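*Asks:* Coordinates for the following, if possible.
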Amino acid sequence: MLRKLVILAVILAVIGAAAFWWVTMPATVRASALAPYAPNLDNGATMFHAGGCASCHATPNQEDKTRLGGGLALKSPFGTFFPPNISPDRKDGIGNWSEADFLTAMWKGTSPDGSHYYPAFPYTSYQRMKMEDVRDLFAYLKTLPPVEGKPRDHDLPFYLNIRRLLGGWKFLHLDGRQFQPDAAKSAEANRGAYLVNGPGHCAECHSPRNRLGAVIASERFAGGPDPEGGDGRVPNITPAGIGDYSQRDIERILETGDMPNGDSVGGPMAAVVSEMSKLSAEDRAAIAAYLKSLPPIKGPKRP
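*Replies:* Residues are numbered from 1 along each chain as shown. Model prediction:
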């Protein structure tokens with residue numbers, strides 16, 4: 001009897017290990033899925049600014065925000081992340097990447113060497129982006145100056161260095177669905193919805209998260225604790241938080257950082273505004289229209 005139980009336990013362990021290995025396998029985009037394409041660099045620049053790429057990937061303490069050597073410390077409850085070099089440097093950046101490598105990173109959160117990226121890189125939002133927009137962004141990044149050097153490794157607890165475990169996180173939280181317009185909304189609001197939920201990844205900061213670090217869907221955009229710790233709060237950007245703001249007020253914040261009460265945005269949002277100010281007035285209006293169309297959500301209570 002004992003021998004049968006041991007055999008059964010071994011069989012179950014093998015099945016469990018095989019299931020874990022399959023569930024956590026890094027996904028990729030095949031090069032064969034990419035048809036010939038002539039990139040639109042102007043649209044690539046729009047995606048770059050909408051995504052605020054420079055606010056995370058620009059080399060710290062230098063004025064030229066197109067030098068994307070990475071290394072800015074991003075604190076979180078799980079440890080400190082240091083965004084990588086995404087300049088076109090062939091050794092230290094993404095200069096040797098293919099389009100399929102870039103799409104794989106943006107949509108699947110998988111690196112060219114086949115390992116999982118941490119969701120501090122917001123691929124849960126980037127997966128919503130259109131293929132053409134991702135390809136245009138990649139082409140635009142290739143036009144920026146190459147920067148030598150790699151940032152330091154992430155500062156994380158030892159158990160989070162087992163990247164295979166991130167496959168389980170993706171299994172739960174990365175659905176692989178691209179953005180779908182809402183027929184009930186205007187074309188302007190749908191453009192804003194795409195920019196906010198895709199390249200802009202606004203929910204990544206403006207939403208509370210569960211214990212696994214995933215956005216709580218029912219409280220999306222409802223604000224929450226500052227992910228870098230302390231007593232700061234990321235504001236609620238549904239009408240429950242900014243209901244008194246007109247669409248023009250929101251447009252002005254995105255363009256200049258000036259608040260309706262005479263104050264100005266600060267902290268990480270100042271860097272975001274620096275990028276949003278480079279979008280067209282029409283795109284900022286679309287973002288504002290979408291935010292005004294959201295249902296009001298009270299979100300988590302302040303401690």
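*Asks:* pLDDT at the residue positioned nearest the centre of the chain, what is it?
*Replies:* Central residue of the chain (CA atoms, centre = their mean): P122, 2.3 Å from the mean position. Per-residue pLDDT puts P122 at 96.
*Asks:* Isn't it up against C202?
*Replies:* No: the pair P122 and C202 does not pass the contact test of CB atoms under 8 Å, sitting 9.8 Å apart. The C-beta positions use only the backbone N, C-alpha and C, and glycine is treated the same way.
*Asks:* Stretch 33-48: end-to-end distance?
*Replies:* 23 Å (CA to CA, to the nearest Å).
*Asks:* Equivalent analysis for stretch 199-213, please.
*Replies:* For stretch 199-213, the separation between the terminal residues is 20 Å (CA to CA).
*Asks:* Could you tell me how far it lies from the centre of the chain?
*Replies:* Centroid separation for stretch 199-213 versus its chain: 9 Å, with CA atoms, centre = their mean, to the nearest Å.
*Asks:* Pull out the buried residues from that stretch.
*Replies:* Buried positions in stretch 199-213, judged by neighbour count with 16 or more other CB atoms under 10 Å: 199-209.
*Asks:* Got the domain ranges for the protein?
*Replies:* 2-173, 187-293 (automatic domain parsing).
*Asks:* As CSV, the ones you listed with distance to F179 would be great.
*Replies:* CSV is the format used below for those (distance: least, CB to CB, whole Å):
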stretch, distance to F179
domain 2-173, 4
domain 187-293, 5
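*Asks:* Could I get the contacting residues of the residue nearest to the centre of the chain?
*Replies:* 201, 204 (CB atoms under 8 Å, 6 or more residues apart in numbering).
*Asks:* how close does it sit to I15?
*Replies:* Distance of P122 to I15, given as CB to CB, to the nearest Å: 34 Å.
*Asks:* now swap in S186 and tell me
*Replies:* S186 is 51 Å from I15, where distance means CB to CB.
*Asks:* got it, and G176?
*Replies:* Taking CB to CB as the measure, G176 and I15 are separated by 25 Å.
*Asks:* what do you get for Q62?
*Replies:* On the measure of CB to CB, Q62 and I15 end up 53 Å apart.
*Asks:* what do you get for L156?
*Replies:* The span separating L156 from I15 equals 30 Å under the rule CB to CB.
*Asks:* neighbour count winner among these two?
*Replies:* L156 (15 against 10; other CB atoms under 10 Å).
*Asks:* pretty sure the more buried one is touching F78, no?
*Replies:* Yes: applying CB under 8 Å, one finds L156 in contact with F78, separated by 6.5 Å.
*Asks:* now the closest residue to N190 other than its chain neighbours: how far from G79?
*Replies:* Counting by CB to CB, 6 or more residues apart in numbering, the nearest residue to N190 once its immediate chain neighbours are dropped is P181, at 4.2 Å. In this structure, P181 and G79 are separated by 37 Å, where distance is defined by CB to CB.
*Asks:* Same question for T143.
*Replies:* Applying CB to CB, one obtains 33 Å for the distance of T143 from G79.
*Asks:* again with K142
*Replies:* Taking CB to CB as the measure, K142 and G79 are separated by 31 Å.
*Asks:* Ok, G44 next?
*Replies:* Counting by CB to CB, the gap from G44 to G79 is 32 Å.
*Asks:* Now do the helices in the stretch 101-250 of the chain.
*Replies:* Assignment of helices within the stretch 101-250 of the chain using DSSP state H, counting those that start in this stretch yields the ranges 123-126, 131-141, 166-173, 187-197, 239-242, 247-256.
*Asks:* how about these, which one is nearest L72?
*Replies:* When the helices of the stretch 101-250 of the chain are ranked by proximity to L72, the top entry is helix 131-141, at 17.0 Å, counting by CB to CB.
*Asks:* Point out the other helices and strands that the closest one packs with.
*Replies:* Under the contact criterion of 3 or more CB pairs under 8 Å, 6 or more residues apart in numbering; DSSP states H and E, helix 131-141 touches helix 41-50, helix 99-103.
*Asks:* Quick one: mean pLDDT over it.
*Replies:* Model confidence over helix 131-141 averages 98 on the pLDDT scale.
*Asks:* Run through who's touching that helix.
*Replies:* If you take CB under 8 Å, 6+ apart as the criterion, helix 131-141 is touched by 34, 37, 39-41, 43-45, 47-48, 51, 53, 68, 86-88, 94, 97, 99, 102-103, 106-107, 126, 198-199.
*Asks:* Can you check what angle separates that helix from helix 41-50?
*Replies:* Here helix 131-141 runs at an angle of 90 degrees relative to helix 41-50 (axes from the mean of the first three to the mean of the last three CA atoms, to 10 degrees).
*Asks:* What residues of helix 131-141 count as buried?
*Replies:* The neighbour-count check on helix 131-141 (16+ other CB under 10 Å) flags 131, 133-141 as buried.
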